[in-house]
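# what follows is a predicted structure for the sequence shown.
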Amino acid sequence: MGSFLDYTVNGLVIGDVYALLAVGLALIFGVANLVNFAHGSVYTIGAYVGWAAITYLHTPFPVTLAIVALACAALGALIERLALRPLQGRARIAPLLATIGLSFVLDQLVQLVCSPNPRAVPAELPDWRIPIGGGSIGPMDLLIAFVSLTSAGLLYGFLRFTKLGYAVRATAQDREAARQMGVNVDAVNSAVFAIASALGGISGLLVGMYYNHIDPGMSFQATLKGVVAVVIGGIGNVPGAIVGSLILGLTESYGIALFGTTYRNLFAFALLILFLVLLPNGLFGGRKVIDAEPLTGSFIAPSRALKLPAPLIAALTVAAFALPFFATSPYLLQVLTNAWLAALVALSLTLVSGTAGQMSFGQAALMAIGAYASALLATDYGVSPLLSVPVAGLAAALIGTALVFPAFRLRGHYIAIATLAIGEIVGLVILNWESFTHGALGVTGIPPLSAFGYEVTSARAVYWLCLALLVAFALLQMRLINSHIGRTLKALRDDEVAARSHGVEISRYKAIAFGFAGFGAGVSGAISAHLFSYLNNQTFDSQLSLLAVTMAILGGMGNILGAILGAVVLVGLPEAFRFAAEYRILIYGVVLLLLVRFRPQGLLGTV
């Protein structure tokens with residue numbers, strides 16, 4: 001019973017911290033109809049601002065709390081004004097992608113300024129515990145509960161009794177009606193981002209004090225936990241975000257008690273998928289449904305795609321195959337090989353997101369499935385890579401489609417959240433299924449690529465193999481897009497309701513798109529595994545999925561040549577400036593921000 005109470009207290013404390021984060025996300029979504037993926041970055045910055053105040057200024061806790069709140073509020077207002085307000089009136093995917101780019105930039109800046117090393121956040125609190133029924137409660141538990149409850153009370157008073165609070169509620173209910181009644185919607189947006197960011201920063205500080213640990217990589221998981229809590233309670237519902245956070249905290253704590261620490265996040269994301277499938281509007285969302293507009297369907301800029309003449313494309317292809325005869329540098333060939341493999345992933349994403357209109361943030365999971373399938377077949381069962389690679393592609397196609405199938409009826413932000421969660425679940429299953437995947441130790445000694453007894457190990461041979469696979473996959477995808485299947489996928493993208501009214505079986509065609517894309521991403525992951533010779537659960541992380549999104553946007557949504565160009569640019573250019581290798585993620589973020597703001601149709605235009 002004592003252990004049960006301890007885990008319950010721990011779950012409630014963590015739930016209180018999640019609540020500060022989730023309430024901010026709910027506020028922003030309610031007013032701006034936006035899932036803010038940069039919120040976790042503000043959370044991290046709040047933790048580091050608090051650490052700096054305690055370490056260098058030796059401020060007491062109330063002063064530290066005020067400094068963190070003010071700094072993060074200013075940052076939130078700046079994000080809204082400079083990065084998101086210029087995108088008003090754009091398709092809903094534009095600000096969402098902008099927040100992803102912002103998260104890249106902010107996280108990298110934190111790492112550059114504060115170094116990647118973790119930091120300890122000292123909490124000068126008395127060392128005592130209050131025994132309760134065999135369990136106990138400490139001063140940090142009480143402090144977090146006090147701060148969370150006080151913040152919730154102040155937020156309730158602000159929304160319920162102040163003029164600006166009335167304006168926030170009116171804007172959340174009907175933005176255009178509020179504008180017509182004289183509400184300064186821009187000021188409301190700025191205030192909401194400031195309040196939400198202040199709460200997020202305080203959450204980061206409390207987490208750092210509770211665990212006595214902060215690091216620059218903590219932002220992404222924080223965003224995901226906040227999103228899980230918001231979905232449980234009901235997207236855009238502030239009381240629901242609080243309840244959802246407490247449920248999430250208790251679920252994680254009890255899961256750790258029963259199965260161990262490595263299962264903590266797995267339970268969180270499994271809970272997210274369960275709610276998305278069975279109760280997508282959450283516990284307190286009522287019958288309100290998020291706008292059914294597809295995220296990518298309207299992300300088609302009013303311009304024609306740049307069509308290259310067929311002879312020019314053929315000439316470029318021949319030149320690419322002939323390059324190893326003239327450029328003998330193994331390093332250059334290796335960089336381009338990496339670009340061809342990345343292009344396979346970008347092609348798979350541009351089919352799902354650009355052609356079918358289903359925004360996917362889980363392509364890295366398909367690569368991981370393919371990589372592990374081929375690696376385990378080759379190492380544990382002695383299967384030749386000539387057979388294991390295509391089998392791995394099929395495994396990624398089938399497993400990936402089966403995993404995302406329950407989410408086919410979701411739209412808008414829901415499908416993006418679901419694919420992101422599925423990607424995290426795949427990585428966590430790989431980590432915990434030790435008897436099959438070898439767990440955290442990974443798979444070692446993966447044999448090199450070979451065919452008919454000949455090993456494909458030279459830089460030239462690997463280059464030609466990957467380029468040939470890319471060309472073949474691009475031709476197949478072009479054939480698919482130009483067929484009746486491709487036209488049907490575009491119809492789903494543009495107006496799913498109209499497509500359904502004409503007798504289109506929605507789930508069937510979505511499965512075709514995800515299956516075809518899964519095969520390409522799985523093959524890319526499988527080949528990568530044989531080239532790396534080592535593989536673990538972190539080889540293909542969610543950051544790779546977001547990089548694939550950047551490649552697809554850079555080239556042009558739905559554009560096959562654009563996806564290849566985007567991969568070459570984002571993989572090749574950073575290698576050309578290796579002296580700036582530590583700025584690579586920063587470059588990706590800036591590129592994504594500039595594209596969304598100034599060139600949403602990509603370099604070659606959307607199709």
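All right, it came through fine.

# next, the distance between the ends of stretch 75-95.
Separation of the first and last residues of stretch 75-95 by C-alpha to C-alpha, to the nearest Å is 17 Å.

# what ranges does the stretch 501-607 of the chain have for its helices?
Using DSSP state H, counting those that start in this stretch, the helices of the stretch 501-607 of the chain run over residues 506-532, 542-555, 560-576, 584-598.

# any chance of JSON lines for those helices, columns mean neighbour count and distance to residue 500?
(Each C-beta comes from the backbone N, C-alpha and C, glycine too.) What follows is those, written out as JSON lines (neighbours: other C-beta atoms under 10 Å; distance: least, C-beta to C-beta, whole Å):
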{"stretch": "helix 506-532", "mean neighbour count": "25", "distance to residue 500": "6"}
{"stretch": "helix 542-555", "mean neighbour count": "26", "distance to residue 500": "26"}
{"stretch": "helix 560-576", "mean neighbour count": "22", "distance to residue 500": "27"}
{"stretch": "helix 584-598", "mean neighbour count": "19", "distance to residue 500": "30"}
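
# what's the closest of these to residue 60?
helix 584-598 (34.7 Å; C-beta to C-beta).

# before we move on, back to that, so for residue 438, which of the helices of the stretch 501-607 of the chain sits nearest?
Nearest to residue 438 among the helices of the stretch 501-607 of the chain is helix 506-532 (12.8 Å), distances taken as C-beta to C-beta.

# and that closest one, what does it pack onto?
With contacts taken as 3 or more C-beta pairs under 8 Å, 6 or more residues apart in numbering; DSSP states H and E, helix 506-532 sits against helix 330-349, helix 363-380, helix 385-404, helix 459-482, helix 484-494, helix 496-501.

# what angle separates it from helix 330-349?
170 degrees (axes from the mean of the first three to the mean of the last three C-alpha atoms, to 10 degrees).

# out of the helices and strands packed on helix 506-532, nearest to residue 109?
That would be helix 363-380 among those, by C-beta to C-beta, at 23.5 Å.

# quick check: angle from that closest one to helix 542-555?
Helix 363-380 runs at 120 degrees relative to helix 542-555, counting by the same axes, to 10 degrees.

# one step back: tell me which of the helices and strands packed on helix 506-532 is the most buried.
Mean neighbour count (mean count of other C-beta atoms under 10 Å) peaks for helix 363-380 among those, with a mean of 28.

# now that one: average pLDDT?
Across helix 363-380, pLDDT averages out at 93.

# check stretch 425-442 too.
Averaged across stretch 425-442, the pLDDT comes to 89.

# biggest helix in this structure, by residue count?
Longest helix in the chain by number of residues, with DSSP state H as the criterion: helix 2-32.

# now for that one, which elements pack on it?
For helix 2-32, the packing partners by 3+ C-beta pairs under 8 Å, 6+ apart come out as helix 39-52, strand 135-137, helix 139-161, helix 163-173, helix 185-211, helix 219-233, helix 238-259.

# between these, which has the poorest mean confidence score?
Lowest mean pLDDT within the helices and strands packed on helix 2-32: strand 135-137, at a mean of 70.

# residue 606 is nearest to which of the helices and strands packed on helix 506-532?
Minimum separation from residue 606 across the helices and strands packed on helix 506-532 (C-beta to C-beta) falls at helix 484-494, 10.7 Å.

# now residue 463: closest residue in space that isn't a chain neighbour?
The shortest distance from residue 463 to any non-neighbouring residue, by C-beta to C-beta, 6 or more residues apart in numbering, is to residue 333 (4.5 Å).

# so the one you found versus residue 98, what's the distance?
Applying C-beta to C-beta, to the nearest Å, the value for residue 333 to residue 98 is 36 Å.

# can you tell me which helix or strand of this structure has the lowest average pLDDT?
Across the helices and strands of the chain, mean pLDDT, DSSP states H and E gives its lowest value to strand 135-137, namely a mean of 70.

# tell me where the model's unsure across the protein.
Scanning the chain for pLDDT under 70 picks out 1-2, 91-92, 133-136, 285-303, 412, 573-581.

# which parts of it belong to which domain?
In terms of domains, the chain is parsed into 2-278, 330-541 (source: automatic domain parsing).

# wait, which of the ones you listed is closest to residue 314?
Proximity to residue 314 (C-beta to C-beta) singles out domain 330-541 among these, at 10.6 Å.

# got a list of what residue 533 touches?
Residues in contact with residue 533 (C-beta atoms under 8 Å, 6 or more residues apart in numbering) are 444-448.

# whoops, I mixed them up, residue 305
Taking C-beta under 8 Å, 6+ apart, we find residue 305 in contact with 556, 559, 562, 601, 604-607.

# rerun that using 10 Å as the cut-off
By C-beta atoms under 10 Å, 6 or more residues apart in numbering, the contact list for residue 305 reads 556-559, 561-562, 601-602, 604-607.

# ditto for residue 208
Counting by C-beta under 10 Å, 6+ apart, residue 208 touches 43-44, 46-48, 50-51, 54, 118-123, 214-215, 218.
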